[in-house]
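Visitor: Whatever this is, show me its structure:
(chains A and B)
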There are 2 protein chains.
Amino acid sequence: MSDPVDTLVRGTLVNVHTGCLEDGAVAIDDGEIVALAERPAERIIDAGYVTPGLVDAHMHVESSMVTLPEYGDAVLPRGVTSVVHDPHEIANVLGEAGVRAVVEDASKTPLKARFTVPSSVPASSLQDAGATLSAETVATLLDLDRVVALGEVMDIPGLLAGDDEVHAKIAAARDRGLTVDGHMPGVDGAALHEAARHLDTDHESITLAEARARADLGIRVYLREGSSSRNLADLLSLVDAVDSRRLSLCTDDREVVDVVDRGGVDFAVRKAIEEGADPVDVVQMATLNTAESYGLPFGRIAPGAPADLVLLDDLESWTVAHVMVDGELDPTGTDRPGTTNLATDTVDFDPVAGSDLSITAPDVTGDTVSVRVIDAVGGLQTDAMAADVSVDAGALVPAVDEDIVSLAVIERHGRNGGIGRGFVHGLGLRRGAIGSTVAHDAHNCVVAGADPDSMARVANHLRDVGGGIAAFDPDAAEMAVLPLPVAGLMSDEPIETVYEGYERVETLATDLGLVDSGLMELSFLALEVIPTYRLTNRGLVDVEAGEHVDVVRS
Amino acid sequence: MSDPVDTLVRGTLVNVHTGCLEDGAVAIDDGEIVALAERPAERIIDAGYVTPGLVDAHMHVESSMVTLPEYGDAVLPRGVTSVVHDPHEIANVLGEAGVRAVVEDASKTPLKARFTVPSSVPASSLQDAGATLSAETVATLLDLDRVVALGEVMDIPGLLAGDDEVHAKIAAARDRGLTVDGHMPGVDGAALHEAARHLDTDHESITLAEARARADLGIRVYLREGSSSRNLADLLSLVDAVDSRRLSLCTDDREVVDVVDRGGVDFAVRKAIEEGADPVDVVQMATLNTAESYGLPFGRIAPGAPADLVLLDDLESWTVAHVMVDGELDPTGTDRPGTTNLATDTVDFDPVAGSDLSITAPDVTGDTVSVRVIDAVGGLQTDAMAADVSVDAGALVPAVDEDIVSLAVIERHGRNGGIGRGFVHGLGLRRGAIGSTVAHDAHNCVVAGADPDSMARVANHLRDVGGGIAAFDPDAAEMAVLPLPVAGLMSDEPIETVYEGYERVETLATDLGLVDSGLMELSFLALEVIPTYRLTNRGLVDVEAGEHVDVVRS
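Guide: This is a model prediction of the structure:
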């Protein structure tokens, strides 16, 4: 033990095991923490504070529209050294092969990606997704290296009803000693108690009461600070109300703009401290607590752990000076060959004409037809509404003046699954069209527009570029597009390029009248498991009834 | 969920997940906690307080001289529903077969025994034990059901020196995702940091500073309250100094008298609360924290967990009203057929005569000979001393007036390993002899006495009864014996019988002059890995030198 170690880091250590701040030193050799004491060293680094590298307890990298290595490059300098990634969107497009490919992508970045195996693919039988993950396939994937859990179990009704497939997936995880993540938005009462028998974690609490109810039942509560769901401020007082050892921080979904401008789970850390939480509690919630949830060997500063460290100038403001992964200082993956093993040829449908996206008028008398309309009320929610639309040349015409535009969902996985057509209220579009192949969870091609020809232009353009997000202004004949050729969900370009592309599309869409967050809202209009009305490639869905309904009211 | 559950327990719940006390109800069906809420129930039990069943984080049932089922019957009514049992003594006598047999014994008691596989059998090569557990055998045993860890790693010098066998055993545990228990008495400085790379737990802290040093390094600290080592009072303030999530309570060794009169780890719980620790912290240390250390599914009150509960009239005084295991109220194992699968024919040596136990005088002039003497200074410790003894009929004679008596260790595993002979100071014996086949760690037959004939009487009697503890008074020709035929370590009789037998031997030994705790001290005089002098069947050992030395000084 008299040989010098390769690195010694001095500073105030955030000891997440004891919950104490201590002036000290971390001795590192060959990537491993070998002592918490002064040692002769080849390299000495003085830091203000030293914490374990942050771990994002639950996230989908697809939401950031970049590959895992690109995401790593973006968040590593911010102190995020690990993410627990649920490749739910990839799995809906590419199935087992997609999950295997993204797990392989983890070897291309110093970011320690760990994976949960998506448990709920497809979301329902009311839409054609790209793939199905059976219980048997899930079991196979649970054996992969870097897999730490069964991904968020969404089919709570199936769970409670004793559905064989759901329970077989859970049993497969239990057999392997793996964690089972839950997804229990709004679940309460007896259903919550029953779900708690089977599920270990939940990140869907919106109110403090929901979070407390879960904690009381032994469910690990993840406080989420994403882009579409920002719950941290509402939930943070839970940290003082209960022993925080079983609370974690996660992002779930972070849009590319948020990642670049504000970061990943480091943003949640900074915000929690700003909101008044004790910094050591907060660091525990983003390190050790999550490590314990999944049995991860990092997320701590102790002999025997890998040297995954954040060196900070200041703890309270989370001012990062350096980041270390396995003893390597400020690692990047820039020299890597290619950023992904994921497929880039996943958008497969025949070119469409405007007439393919319109609804044929029923054989009725009168100038207008009463239709069911998806009311996009903001966020991910929709309401059901009814409206009258006019008829022109045998087709229903959206009431653009009343903020009702046409909506179409084109099956894009090469299954000849057809096109669903409907109307949506509340997007604000006054002309042109917007579209996306990011359309949770089946990720078909969703297009909304004031006229069918613009919609077809957008859909066909997305088809040509292999998927993405686009807006088309017919007045200027201008198309703005962010190509997302990786599974039709992500770019293989640098994150800055994606950021710019996203802003370009958003800017044009805003010109067209689209409301704030409208692109995000669009990507959820096809998610047939969230109330109230949604549109899939098979038609309009009444979610609460769990079945298709006609757009034209009888 | 409208069917009535079989049991509802109402009371103030100690929620170890949240660290909160809550008035509530535990709904139980088919042995499992199914909700923490009121439910229609076939049986309703009102309790004052409800805690999870206690888990003893580290213990050796051999120390209590009863079988595991008998131990279970003794501690279950006190609220101990699980023990993590390291069958280190059994393994030294019976090897792999002994470990397998005691793991099978676990099925004969409602007590949830979990096991660690002894890592350090034999303790050294300076004595003949009954068995050796190779790294290969350890790996095989780690695969057994109910095994949760590699047992306390004692060979710290070997660990630090990179000994292949030690590291192979640790690697085998790591490969299986199992915990590695440590045993680090007095280890500090660089050695402690190095050991912390490999070992997860330690229960050998005696001072607060030692315990804090281990906690700072991420080692889980077990606060021990045993019979020979009672460290709780000295260590308890650690609970307030650090996050207590990684602290646990254990007993390590509890003598039968202590078990019957004061209990198992429940005694530690009671004592910690009496000493002023927060009761919820204390319950966490005896339940969830230990469950997390070993990945146990119990030790908590939550849906999905087995209904292992303690129903208390009062929490602060730990007044138990009922105990539940897997939903069964106040379970006992009394109807079981036989209490153990362990062997009962393990004491195998030829009968000895007094002359076999005396040391032949060297060929020297003068009336006395200078000899090395084991000084039993109290507790488990010994010092080295020198003394002059006289010669009679060609043999060395103990200086009984100076509290120096003869000591012999007879190999008893049928290996013809011979007899070691020496002297011991400080036992207080004025006449007769005492003996035991419980003689850590090799568990040969150790006999101390004022005259060789009494020693031979004791040894031969222990041989005849298959092992045990005995005292012989030559004046009254009275032999008191506690037969321990199970591996020569434990009785297969009820614990009350063992209690009485132990007291009978102790009473006679006290009459012979034996100091308090002298029987316990005797059982450690052959442990050749604790400083300073010890006697094995191969002769006197200078522990610090790690080698045999002559009794007669040259």
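Visitor: going forward, measure contacts between C-alpha atoms and count neighbours the same way
Guide: Noted.
Visitor: Quick check: residues of the stretch 201-350 of chain A near chain B?
Guide: By the criterion of CA under 8 Å from any CA of the partner chain, the positions of the stretch 201-350 of chain A lying close to chain B are A:215-218, A:242-246, A:301-305.
Visitor: quick one: which of those residues sit in helices?
Guide: Among those, the residues falling in helices (DSSP state H) are A:215, A:216.
Visitor: Export the residues of the stretch 201-350 of chain A next to chain B as a markdown table, with columns for pLDDT and distance to residue A:485.
Guide: Below are these laid out as a markdown table (pLDDT from 0 to 100; distance: CA to CA, whole Å):
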| residue | pLDDT | distance to residue A:485 |
| --- | --- | --- |
| A:215 | 98 | 41 |
| A:216 | 98 | 44 |
| A:217 | 98 | 43 |
| A:218 | 98 | 41 |
| A:242 | 98 | 45 |
| A:243 | 98 | 45 |
| A:244 | 98 | 41 |
| A:245 | 98 | 41 |
| A:246 | 98 | 39 |
| A:301 | 98 | 40 |
| A:302 | 98 | 42 |
| A:303 | 98 | 43 |
| A:304 | 98 | 41 |
| A:305 | 98 | 38 |
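Visitor: Go through the residues of the stretch 201-350 of chain A next to chain B and say which is closest to residue B:4.
Guide: The shortest approach to residue B:4 among those belongs to residue A:217, at 20.1 Å (CA to CA).
Visitor: Run a quick check on that closest one versus residue B:36, I expect a contact.
Guide: Yes - applying CA atoms under 8 Å, one finds residue A:217 in contact with residue B:36, separated by 7.1 Å.
Visitor: Are there residues contacting both of the two? Which ones?
Guide: A:193, B:302, B:303 (CA atoms under 8 Å, 6 or more residues apart in numbering or on different chains).
Visitor: how about the residues you listed in a markdown table, adding neighbour count and distance to residue A:326?
Guide: Compiled in a markdown table, these are given as follows (neighbours: other CA atoms under 10 Å in any protein chain shown; distance: CA to CA, whole Å):
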| residue | neighbour count | distance to residue A:326 |
| --- | --- | --- |
| A:193 | 23 | 41 |
| B:302 | 28 | 37 |
| B:303 | 26 | 38 |
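Visitor: okay if I get the residues you listed as a markdown table plus distance to residue A:139?
Guide: As requested, these are exported to a markdown table (distance: CA to CA, whole Å):
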| residue | distance to residue A:139 |
| --- | --- |
| A:193 | 26 |
| B:302 | 26 |
| B:303 | 24 |
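Visitor: for those, which one is nearest residue A:29?
Guide: Using CA to CA as the measure, the one of these that approaches residue A:29 most closely is residue B:302, at 41.9 Å.
Visitor: contacting residues for the closest one?
Guide: Under the contact definition (CA under 8 Å, 6+ apart), the residues listed for residue B:302 are A:196, A:197, A:217, A:218, B:33, B:34, B:35, B:36.
Visitor: Recalculate using a threshold of 10 Å.
Guide: Contacts for residue B:302 were tallied using CA atoms under 10 Å, 6 or more residues apart in numbering or on different chains; they are A:193, A:196-197, A:215-219, B:15-17, B:26-27, B:32-36, B:52.
Visitor: Kindly report the same for residue A:550.
Guide: The neighbourhood of residue A:550, defined by CA under 10 Å, 6+ apart, consists of A:371, A:372, A:421, A:422, A:539, A:540, A:541, A:542.
Visitor: now, among those, which is nearest to residue B:493?
Guide: Sorting those by distance to residue B:493 puts residue A:542 at the head of the list, at 70.0 Å, by CA to CA.
Visitor: Tell me the spatial nearest neighbour of that closest one, not counting adjacent residues.
Guide: Across the structure, with CA to CA, 6 or more residues apart in numbering or on different chains as the measure, the residue nearest residue A:542 apart from its sequence neighbours is residue A:533 (5.0 Å).
Visitor: Can you report how many residues neighbour the one you found?
Guide: Counted with other CA atoms under 10 Å in any protein chain shown, the neighbours of residue A:533 add up to 29.
Visitor: any idea how far it is from residue A:383?
Guide: Counting by CA to CA, to the nearest Å, the separation of residue A:533 from residue A:383 is 6 Å.
Visitor: Name the residues contacting each of the two.
Guide: Contacts common to residue A:533 and residue A:383, judged by CA under 10 Å, 6+ apart, are A:373, A:374, A:375, A:376.
Visitor: Helix, strand or coil: sort out the first one for me.
Guide: At residue A:373 the chain is in strand, as set by DSSP: H, G, I helix; E, B strand; the rest coil.
Visitor: ditto for the last one
Guide: The three-state label given to residue A:376 by three-state DSSP is strand.
Visitor: For whichever residue of the stretch 151-300 of chain A sits closest to chain B, grab the count of nearby residues.
Guide: Across the stretch 151-300 of chain A, no residue is closer to chain B than residue A:197, which sits at 3.8 Å (CA to the nearest CA). In terms of burial, residue A:197 registers 19 neighbours under the definition other CA under 10 Å.
Visitor: Would you confirm that it contacts residue B:34?
Guide: Yes - under the criterion of CA atoms under 10 Å, residue A:197 is in contact with residue B:34, at a separation of 6.5 Å.
Visitor: shared neighbours of those two, anything?
Guide: B:302, B:303, B:304, B:305.
Visitor: which residues does the residue of the stretch 201-350 of chain A at minimum distance from chain B contact?
Guide: Closest approach of the stretch 201-350 of chain A to chain B (CA to the nearest CA) occurs at residue A:304, with a separation of 3.8 Å. Contacts of residue A:304 were listed using CA under 10 Å, 6+ apart, and they are A:28, A:31-35, A:297-298, B:193-200, B:217-218.
Visitor: Look up how far residue B:194 lies from it.
Guide: Counting by CA to CA, the gap between residue A:304 and residue B:194 amounts to 9 Å.
Visitor: got the contact list for residue A:524?
Guide: Neighbouring residues of residue A:524 by CA under 10 Å, 6+ apart: A:376, A:379-382, A:438-441, A:443, A:446, A:518, A:530, A:534-535.
Visitor: For the stretch 151-300 of chain A, which segments are assigned as strands?
Guide: In the stretch 151-300 of chain A, the strands defined using DSSP state E, counting those that start in this stretch lie at A:179-182, A:201-202, A:220-224, A:247-250.
Visitor: circling back to that earlier point, most widely separated two among the shared contacts of residue A:533 and residue A:383?
Guide: Distances among the shared contacts of residue A:533 and residue A:383 were taken as CA to CA; the most separated pair is A:373 and A:376, at 9.2 Å.
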